[in-house]
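Asker: Provided below for reference: sequence and predicted model.
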There are 2 protein chains.
Amino acid sequence: MIDRALERFRQVVRARALKASKVREAVVRAALTLEGHFSVDDLLRVLHASGVHEAHMATVYRALPLLVDAGLIQATLTAQGESQLYEVVFEREHHDHLVCTGCGRVVEYQSQALLALEREIAERYEFELDVRTIELHGRCKSCRRGEARGGRSLHV
Amino acid sequence: MIDRALERFRQVVRARALKASKVREAVVRAALTLEGHFSVDDLLRVLHASGVHEAHMATVYRALPLLVDAGLIQATLTAQGESQLYEVVFEREHHDHLVCTGCGRVVEYQSQALLALEREIAERYEFELDVRTIELHGRCKSCRRGEARGGRSLHV
DNA sequence: ATTACTGCAAAATATTTGCACGTTG
DNA sequence: CAACGTGCAAATATTTTGCAGTAAT
């Protein structure tokens, strides 16, 4: 799997007349092993843990857009504060997120109907979809119980 | 309209045992006059232009979450870099965004079917929806024309 | 009187950039 | 050898916070 990803990555690198680089491919390898949502910092930790001690923050920041363009990872949960999170999308099932505004819990779900609808909308406006950021925000069941105490009070 | 918004805002303020404040209400008034997407800086400029010269950046940053909780504005286009953008949602039609990854153009669209589907999904996971961030990213027609020249090349 | 609100400046954070050197094609 | 990649540190930019004084309840 990582081999196919690396191959695809190299295609993009070549297509742009860039050069191969060990550190950058180590970033690809490290990213592809990650399971859930990860930050640049998480990725850096994995790199260091796997012996690539040279890997520097700036290098990771510079490499990530390439991984995104190669369709290996995708920025997600962009509405969360702090730092940008990513997740692997290469050869994984597409899913969207439901985020609880109370406890921050993130539920992943899949909906073929939603996917179809998105495509239809994109088509209507003559867009060629490439990233779908569908983030629904709301309060989960357990967070709603404590609501009377004067937390956020108005709902759509 | 602004009166209804202010009334709603005051409800939230009261509900939290906070105090009324002129500057904060000026922020509400200024925000409600804005048409499209705006940043904190935009809002600040409007405030200054309308004579509220005291209004300070920190005050605006502190006020915005209240406007959000009151359902007057909503953070949007969270995947764009730079600074957080907002838009007025109070008594306006709901819409979502289609963002071109090439030129940054943003198209707004409405889809009842999408809305219904979102609600259905939220219900399935027992979430009470409160903000819907549906941001579709792709390349618009005119940006796709220049594609062969080696820009982003892979699509989903 | 008590507690919140404000402006200011400083702090904290995340990401980007310039530069000198190493590596690749 | 020409161009790209890297580490490092410094720079940017945005948002947050502590503080001292002001305003609201």
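Answerer: Perfect, I can see it now.

Asker: And residue A:82, how far from residue A:42?
Answerer: 12 Å (CB to CB, to the nearest Å). In short, each C-beta sits where N, CA and C put it, glycine included.

Asker: Correction: the previous question concerned residue A:130.
Answerer: Applying CB to CB to residue A:130 and residue A:42 gives a distance of 24 Å.

Asker: quick one, which of the two is more surrounded?
Answerer: residue A:130 (20 against 17; other CB atoms under 10 Å in any protein chain shown).

Asker: Just after the longest strand anywhere in chain A, pick out the following helix or strand.
Answerer: Taking DSSP state E as the criterion, chain A has its longest strand at strand A:128-140. Note on strand A:128-140: by DSSP states H and E, the next helix or strand toward the C-terminus is helix A:141-145.

Asker: wait, does that next one contact chain B?
Answerer: Yes - applying CB under 8 Å from any CB of the partner chain, one finds helix A:141-145 touching chain B at A:141, A:144.

Asker: For that helix, buried residues please.
Answerer: A:143, A:144 (16 or more other CB atoms under 10 Å in any protein chain shown).

Asker: again, but for stretch A:96-105
Answerer: So for stretch A:96-105, counting by 16+ other CB under 10 Å, buried means A:96, A:97, A:98, A:99, A:100, A:101, A:102.

Asker: Setting the sequence-adjacent residues aside, check what's closest to the first one.
Answerer: The spatial neighbour of residue A:96 that comes closest, neighbours along the chain excluded (CB to CB, 6 or more residues apart in numbering or on different chains), is residue A:134 at 4.2 Å.

Asker: you'd agree the one you found is up against residue A:118?
Answerer: Yes - Residue A:134 is within contact range of residue A:118, at 7.4 Å (criterion: CB atoms under 8 Å).

Asker: Need the overlap of contacts for these two.
Answerer: Residues touching both residue A:134 and residue A:118 by CB atoms under 8 Å, 6 or more residues apart in numbering or on different chains: residue B:136.

Asker: Do a quick rundown of the strands in chain A.
Answerer: A:38-39, A:73-76, A:85-88, A:96-100, A:106-109, A:128-140.

Asker: Show me what the longest strand of chain A pairs with in its sheet, parallel or antiparallel.
Answerer: Paired strands of strand A:128-140, with direction, are strand A:96-100 (parallel), strand B:127-139 (antiparallel) (DSSP bridges).

Asker: show me what contacts residue A:93?
Answerer: Applying CB under 8 Å, 6+ apart to residue A:93 gives the contacts residue A:110.

Asker: roughly how far apart are it and residue B:55?
Answerer: Between residue A:93 and residue B:55 the distance, using CB to CB, works out to 48 Å.

Asker: Can you name the residues in contact with the least confident helix or strand in chain A by mean pLDDT?
Answerer: Across the helices and strands of chain A, mean confidence by mean pLDDT, DSSP states H and E is lowest for helix A:141-145: a mean of 81. With contacts defined as CB under 8 Å, 6+ apart, helix A:141-145 is touched by A:100, A:101, A:102, A:103, B:126, B:127, B:128.
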